[in-house]
Structures are given as structure tokens and as C-alpha cells.
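S.K.: give the three-dimensional model of this entry:
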Amino acid sequence: MLLKICPPQAKADAMREEVKSLLDSGRKLVILSYEPRTLNAIEDLIRERRDVLIIPSFSSPTVRSLMLFTDSLKFSSGLVDEIFGAYLSAASSSPEPYKLQRSFLLLLNMIKSAERQCGSSVSMYTTESEVPEWFLRIFDGVEVI
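M.R.: You can find the predicted model right below:
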């Protein structure tokens, strides 16, 4: 599982490039998006495709959308847009941020396990430049674009 940290415009370009590469190689793809503008940047690549599942998580709680994403990895590769920003947003409105952090860590580790078991690949993107160490340790690799 790879975390890619990049500025907003570079993030959209990097995601677009990765989506194109995955689809060109014949992979099925599940995209969990916490940032609607990024979906606009890749819309022409994914519109009306049967091999792409989009989870528009801005309409459901963070934990629930991550659970759905985890379940969807059984048959495809995955991209998560603005993962750390989603955590910060959920934590700022949570009455129990510590419980949320534990749930978030558990779900990310479940995604990592599903990725390995299913032979899929998962990339997560964020524009947040100050990501704490506890979050970075979850990932197999971190790439700064």
C-alpha cells in the first residue's frame, strides 16, 4: 500500500496517470474519493466504464466508506483520494477522536491485508504535507510528488 503526498494539481495529474495505466493494463478499479474535484479531473477516463467502481464518500461517514472500499478490493485495484484529509475532517467532528483513530488504523490495516491477499494494488493520495509518523507507518511506501 502506497501513500502519495502531493500538491492539489499534481495529485489530480498523478491520479489521472495511474487510472489510465491501470485501465490500460486491463485491471478493474475501485476509487474512493473524498475530493469531488479530483473525480472531475479523471471523469473522461472513467465515464461509463463497467470496470470502474466509484465510491463517492463525501456523502457517507469516513469509516463506512473505508469498509465498503475494503470489501470492493476483492476483485480490483484501488485508489483513495485525500485519505489523510478525510481522517482530519472526521476527527475534528468526532466526540471521541481516539476511538476514531483506532478504527481508522484498523481499517487501513485491513485494506493492506486485503491488498496482499487479493494480489491487488492500493494507492492513497493526500495533499496534506504534515502527515504524522503514526499514519505514515501504516504504508509500505511513501512517495512525495
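
S.K.: and stretch 46-63, end to end?
M.R.: 25 Å (Cα to Cα, to the nearest Å).

S.K.: ok, and what's touching that stretch?
M.R.: When contacts are defined by Cβ atoms under 8 Å, 6 or more residues apart in numbering, stretch 46-63 is touched by residues 19, 23, 27-36, 39, 65, 68-69, 72, 76, 86-87, 89-90, 100, 103-104, 107. Glycine gets a C-beta too; all of them are placed from N, C-alpha and C.

S.K.: now stretch 88-96
M.R.: Tyr34, Pro61, Thr62, Val63, Pro97, Leu100, Gln101, Phe104, Glu128.

S.K.: what's the PyMOL line that selects buried ones from the contacts of stretch 46-63?
M.R.: Applied in PyMOL, the following selects the buried portion of the contacts of stretch 46-63 according to 16 or more other Cβ atoms under 10 Å:
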select buried, resi 19+23+27+28+29+30+31+32+33+34+35+39+65+69+72+76+86+87+90+100+103+104+107
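
S.K.: mind listing which of the contacts of stretch 46-63 are in helices?
M.R.: 19, 23, 36, 39, 65, 68-69, 72, 86-87, 89-90, 100, 103-104, 107 (DSSP state H).

S.K.: now the most far-flung residue of the chain relative to its centre. Its backbone dihedrals?
M.R.: Residue farthest from the centre of the chain, counting by Cα atoms, centre = their mean, is Pro95 at 24.2 Å. Torsion angles at Pro95 (phi, psi; degrees, to the nearest 10) stand at phi -70, psi -20.
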